[in-house]
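S.K.: What shape does this take:
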Amino acid sequence: MAQRPVVQISCDTPPTKKAHKGEPRPFEYTDPETGERRVVDLCDAHGAPVRSAVAKVAPHSRPAAQQASLPSPNGRAGPRGHSGSKAGTRVDSTEVREWAKSVGIEVKDRGRVPATLVARFRAAH
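M.R.: Predicted structure coming up:
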């Protein structure tokens, strides 16, 4: 006999005195601690306060693609996997290596360029 799975989405909030009302809808946000994109399913009763709070600040927001990737409070890398450098301030590692060799600094041909070396490169340019 053929079987068909049924997926039922329910509100992700724990049971409280406020009754669940309406069909849960996904609410997407970025976790400020990790920079990870997250989704929570909220019914109308629990989602309304969240959506109204977001609606107050939404006019002052910018598209996520334009946000700078900032390091999280725990020091780990930001949402795009790099720690804190903004897109316009990145340096070409090959250029840094060539500069370092030209001024007599030993640097490996492969791997990550040390942050101290990048800082010296920026100071020199």
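S.K.: so is the closest residue to Ala19 other than its chain neighbours in a helix, a strand, or just coil?
M.R.: The shortest distance from Ala19 to any non-neighbouring residue, by Cβ to Cβ, 6 or more residues apart in numbering, is to Ala45 (6.3 Å). To be clear about C-beta, it is placed using only N, CA and C from the backbone, and glycine gets the same treatment. Using DSSP: H, G, I helix; E, B strand; the rest coil, the secondary structure recorded for Ala45 is helix.
S.K.: count of residues packed around Ala45?
M.R.: 15 (other Cβ atoms under 10 Å).
S.K.: Could you measure from it over to Ser10?
M.R.: Distance, Ala45 to Ser10, by Cβ to Cβ, to the nearest Å: 13 Å.
S.K.: hang on, the earlier thing: thought the residue nearest to Ala19 was touching Pro24?
M.R.: No - under the criterion of Cβ atoms under 8 Å, Ala45 makes no contact with Pro24, lying 10.2 Å away.
S.K.: Now do the shared contacts for the two.
M.R.: Cys11 (Cβ atoms under 8 Å, 6 or more residues apart in numbering).
S.K.: Quick check: which ranges of the protein have low pLDDT?
M.R.: Residue ranges of the chain with pLDDT under 70: 5-9, 14-18, 64-88.
S.K.: what about 50?
M.R.: 66-67, 80-81, 83-84, 87 (pLDDT under 50).
S.K.: how about the strands in this protein?
M.R.: 25-30, 37-42 (DSSP state E).
S.K.: Any chance of CSV for the ones you listed, columns mean neighbour count?
M.R.: Formatted as CSV, the strands of the chain follow (neighbours: other Cβ atoms under 10 Å):
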stretch, mean neighbour count
strand 25-30, 12
strand 37-42, 14
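S.K.: Pro63: which of those is closest?
M.R.: strand 25-30 (12.5 Å; Cβ to Cβ).
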